[in-house]
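>>> What would the 3D arrangement of this be:
(2 chains)
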There are 2 protein chains.
Amino acid sequence: MSARPAVRPGGRSARVQESVHRAVRELQAEGAALTVPLVAARAGVTPSTVYRRWGDLQELLSDVAVERLRPDAPPADHGNLRADLEHWASAFLEEMSSPAGRSYIRDALAGDPEGPNAGRCSAYAREQVEAVLSRAARRGEHVPEAETVMDHVVAPMMYRVLFRPGPLDAAYARELVATVFYRLMPLP
Amino acid sequence: MSARPAVRPGGRSARVQESVHRAVRELQAEGAALTVPLVAARAGVTPSTVYRRWGDLQELLSDVAVERLRPDAPPADHGNLRADLEHWASAFLEEMSSPAGRSYIRDALAGDPEGPNAGRCSAYAREQVEAVLSRAARRGEHVPEAETVMDHVVAPMMYRVLFRPGPLDAAYARELVATVFYRLMPLP
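Prediction:
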């Protein structure tokens, strides 16, 4: 459904994207009832530019939500793998389970099911996990598979955020990391 | 947002729900562009009945989707826990990763975030898992915690269905069950 290319565009196309995304964020912050003509007017483009690029409002909101879920920094270095994973997982859970995080995830998932947006959310998490694991491997630490961390740390947290509303705390994130450490490491 | 009570209603209220749900399913099967007046006309109720009960179209579609995700039978008995879990997980993954399943999950999640619909999806899965585990315990088998199966079998499958589109097969479901068996059992 989306006319948006998979590769992030440059030049004029990038400027259009930035101004339209900014217009959406501003209007959302103002509590406005969003429409494509309203967003286009704020961004200084024609509505047809928005329809051509994003297809419809839902797809645009999905695209903006995914951008907001993009990590803005590599995972912090706490000196060892377990501490790095615990801190990253706790921060990820805190962000995703916040009201804003839950809202961005829902908007991201409301985009075209054949489109790339849900996959981009997952790719961001995987890049962060891989950064933590590569750093640990360079330190000479024994590391799990990235897929193990995705399946047994990231997935359980995201499942609870989406399907099991309720308090989610850092202790839960640390428990999942401990399960990977004590139960799911590859044999040395 | 939803005015729907948490307890499933009986009497006239149940008849309204059944006729409105049936109208949605019929119109969806016909490929109609759904609106509340169209659904109400097909169901033989007034639009205000629909608005009063469900709030809006999205909430109604979410409610219908959750009902379609309700399991229609207890998990089959294959004689031992591992076979029961493997068969159940494979069938669950096949259903959820089908185009219809993905569409129902997305509709279910598009309902009111403060409402019960996402939690009902998760509760259905948990009831099925508990049925499998209780039967195994009655056979005298060693069983994992239900939460372990939710976190390490159900959650990874649902995460992939939602965020990592691509082929998902029974081998993946069986691998997750094997991880629970070989790595995540409580000590006897």
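>>> Establish whether whichever helix or strand A:E18 is part of and chain B are in contact.
Using DSSP states H and E, A:E18 falls within helix A:11-29. No. Helix A:11-29 does not reach chain B (CB under 8 Å from any CB of the partner chain); its nearest approach is 15.6 Å. Any C-beta I mention is one placed from the backbone N, CA and C, and that applies to glycine too.
>>> correct me, but A:P165 touches B:R120?
No. With contacts counted by CB atoms under 8 Å, A:P165 stays clear of B:R120, the gap being 11.4 Å.
>>> Could you list every helix and strand in contact with the top helix by length along chain A?
Longest helix in chain A, counting residues (DSSP state H): helix A:117-139. If you count contacts as 3 or more CB pairs under 8 Å, 6 or more residues apart in numbering or on different chains; DSSP states H and E, helix A:117-139 packs onto helix A:57-69, helix A:81-97, helix A:99-109, helix A:146-149, helix B:155-163.
>>> Comparing those helices, which stretch has the densest surroundings?
Mean neighbour count (mean count of other CB atoms under 10 Å in any protein chain shown) peaks for helix B:155-163 among the helices and strands packed on helix A:117-139, with a mean of 24.
>>> Give me the distance between A:G101 and A:C121.
From A:G101 over to A:C121 the distance is 11 Å, taken as CB to CB, to the nearest Å.
>>> right, I mislabeled it, should have said A:D77
A:D77 is 24 Å from A:C121, by CB to CB.
>>> neighbour-wise, which of the two wins?
Set A:D77 next to A:C121 and count neighbours by other CB atoms under 10 Å in any protein chain shown: A:C121 wins out with 23 against 14.
>>> Give the full set of residues in contact with that one.
A:C121 sits next to A:V66, A:L69, A:I105, A:A108, B:F163 when contact means CB atoms under 8 Å, 6 or more residues apart in numbering or on different chains.
>>> Make TSV out of these and add distance to A:A178 and pLDDT.
Conversion of the contacts of A:C121 to TSV gives the following (distance: CB to CB, whole Å; pLDDT from 0 to 100):
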residue	distance to A:A178	pLDDT
A:V66	30	94
A:L69	26	93
A:I105	25	94
A:A108	29	93
B:F163	24	94
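>>> Out of those, which is nearest to B:E114?
Comparing the contacts of A:C121 against B:E114 with CB to CB places A:I105 closest, at 15.1 Å.
>>> Chain B contacts on chain A?
Chain A has residues A:102-103, A:106, A:109-110, A:113-114, A:118-119, A:121-122, A:150-152, A:154-156, A:158-160, A:162-165, A:176, A:179, A:183-184 near chain B, with proximity defined as CB under 8 Å from any CB.
>>> picking that back up, closest to A:R139 out of the helices and strands packed on helix A:117-139?
A:R139 sits nearest to helix A:81-97 of all the helices and strands packed on helix A:117-139, at 7.6 Å, using CB to CB.
>>> Pull the residues that contact that closest one.
Contacts to helix A:81-97, defined as CB under 8 Å, 6+ apart, come from residues A:75-78, A:101-102, A:105, A:125, A:128-129, A:132-133, A:135-136, A:139, A:141, A:143, A:149, A:153-154, A:157-158, A:160-161, A:168-170, A:172-174, A:176-177, A:180-181.
>>> got the domain boundaries for chain A?
Chain A is divided into the following domains under automatic domain parsing: A:11-55, A:71-183.
>>> For A:G101 and A:C121, list the residues in contact with both.
With CB under 8 Å, 6+ apart as the test, A:G101 and A:C121 both reach A:L69.
>>> pLDDT weak spots in chain A?
Applying pLDDT under 70 to chain A flags the ranges A:1-9, A:188.
>>> wait, doesn't A:V153 sit right on A:R174?
No. Look at A:V153 against A:R174 with CB under 8 Å: they stay out of range, at 10.0 Å.
>>> So between those two, which is more surrounded?
A:V153 (27 against 17).
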